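Undergrad: What follows is a predicted protein model with its sequence.
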Amino acid sequence: MARYRFHCTNGLECVVDTVGKDIRLPHRLPAKARGVAEALMVTLDGQTDWAEWQVSVHDLKGRKVLALPFRPPGDHLRQDI
């Protein structure tokens, strides 16, 4: 099991994950990153334009292992073709 930090940023503002989360299987990182983004959007509902935000996932050595853009609210209802 490895610990990863899920930082959220738009390039100007940043929400830093100082604790991190233990992830047993690396293929679960994208789903966890999407969950972190969704939780932040719910917490700050209506206060921010999420178009430029992304979740930047780092291992405990500080290496970026994944970056995913935030999905705008309601975008999860649309299926990619």
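TA: Cool, got the structure. These numbers were taken from a predicted model, which means no experiment stands behind them. Numbering: from 1, shown residues only.
Undergrad: ok, for the residue nearest to the spatial centre of the chain, nearest residue in space, not its chain neighbours?
TA: Nearest residue to the geometric centre of the chain (Cα atoms, centre = their mean): residue 55, 3.1 Å. Of all residues not flanking residue 55 in the chain, residue 33 sits nearest, at 4.2 Å (Cβ to Cβ, 6 or more residues apart in numbering). Heads up, the C-betas are built off the backbone N, CA and C, glycines and all.
Undergrad: Okay, now the unreliable bits of this protein?
TA: 72-81 (pLDDT under 70).
Undergrad: now the helices for it?
TA: 29-43 (DSSP state H).
Undergrad: Output the longest strand belonging to the chain.
TA: Ranked by residue count under DSSP state E, the longest strand found in the chain is strand 2-9.
Undergrad: Can you verify my assumption that residue 68 contacts residue 36?
TA: No: counting by Cβ atoms under 8 Å, residue 68 stays clear of residue 36, with 9.4 Å between them.
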